[in-house]
Structures are given as C-alpha cells and as structure tokens.
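Student: whatever this is, show me its structure:
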Amino acid sequence: MELQDGTRKVFVNLKGDKNRLDKKTRALFDYFMGETVDDAFTAELQNAISAARSNQKWEVEYMEWLASEMDREIE
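Tutor: Got it, this is the predicted structure:
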C-alpha cells in the first residue's frame, strides 16, 4: 500500500502457508512470531534491537518526542 507521504506499507500474514517461502524468509517470520531461530540474520537483527533498546540517548530522544506529541494532542 503506497501512502500519500511517500511511504509504503506492507502487510504480511505471518500465520499463512510458509511452504512457498525460502528458508531465510521463513526464519524471519518465525522470529517475528516470537519463536527461537538460529539464523544469522535474525541473530544480527536481535543484536541491533538489543543495542537500540539499551541506548540511553535514543531513549531520551524518544521520550522527548513522545512528550511533544502528547502536548500536541492536548492542544
């Protein structure tokens, strides 16, 4: 789905038939579903997510952004 702001959204049925998917895509879908996967890409993805979650600078920036969005909704 292409939106007016230039972004594109993709909707995926993670519980659909995985038989037609390649091994890497199947591992990624399993990871999204919370299953333990020993795929190199999903391990790298998990490491990046863990690093982002523990980045205090990003946490402060997110909290400031969230506060400004909440203020905007109140106005």
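
Student: and the longest helix along the chain, average pLDDT?
Tutor: Counting residues, the longest helix found in the chain (DSSP state H) is helix 56-74. Per-residue pLDDT values across helix 56-74 average out to 91.

Student: what segments of this protein are helices?
Tutor: Ranges of helices in the chain, per DSSP H, are 23-32, 40-53, 56-74.

Student: return the most buried member of the ones you listed.
Tutor: The highest mean neighbour count among the helices of the chain, using mean count of other Cβ atoms under 10 Å, belongs to helix 23-32: a mean of 15. Backbone N, C-alpha and C define where each C-beta goes, glycine included.

Student: just the CA trace of that one, in CSV.
Tutor: C-alpha atoms of helix 23-32 as CSV (Å, rounded to 0.1, in the frame of the first residue of the first chain):
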residue,chain,number,x,y,z
LYS,A,23,14.5,-20.6,4.3
LYS,A,24,15.6,-17.1,5.3
THR,A,25,12.2,-15.6,4.9
ARG,A,26,10.6,-18.4,6.9
ALA,A,27,13.2,-17.9,9.7
LEU,A,28,12.4,-14.1,9.8
PHE,A,29,8.7,-14.8,10.0
ASP,A,30,9.3,-17.3,12.8
TYR,A,31,11.4,-14.7,14.6
PHE,A,32,8.5,-12.2,14.3
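
Student: re the thing from before, need the helices of the chain in CSV with distance to residue 8, can you?
Tutor: Formatted as CSV, the helices of the chain follow (distance: least, Cβ to Cβ, whole Å):
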stretch, distance to residue 8
helix 23-32, 18
helix 40-53, 20
helix 56-74, 23
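
Student: closest to residue 5 out of the ones you listed?
Tutor: helix 56-74 (16.4 Å; Cβ to Cβ).

Student: pull the residues that contact the closest one.
Tutor: Contacts to helix 56-74, defined as Cβ atoms under 8 Å, 6 or more residues apart in numbering, come from residues residue 52.

Student: next up, the contacts around residue 8.
Tutor: By Cβ under 8 Å, 6+ apart, the residues touching residue 8 are 1-2.

Student: tell me the bridge partners for it.
Tutor: Counting by DSSP bridges, residue 8 forms beta bridges with residue 2.

Student: ok, residue 3 to residue 60 distance?
Tutor: To residue 60, residue 3 is 29 Å away according to Cβ to Cβ, to the nearest Å.
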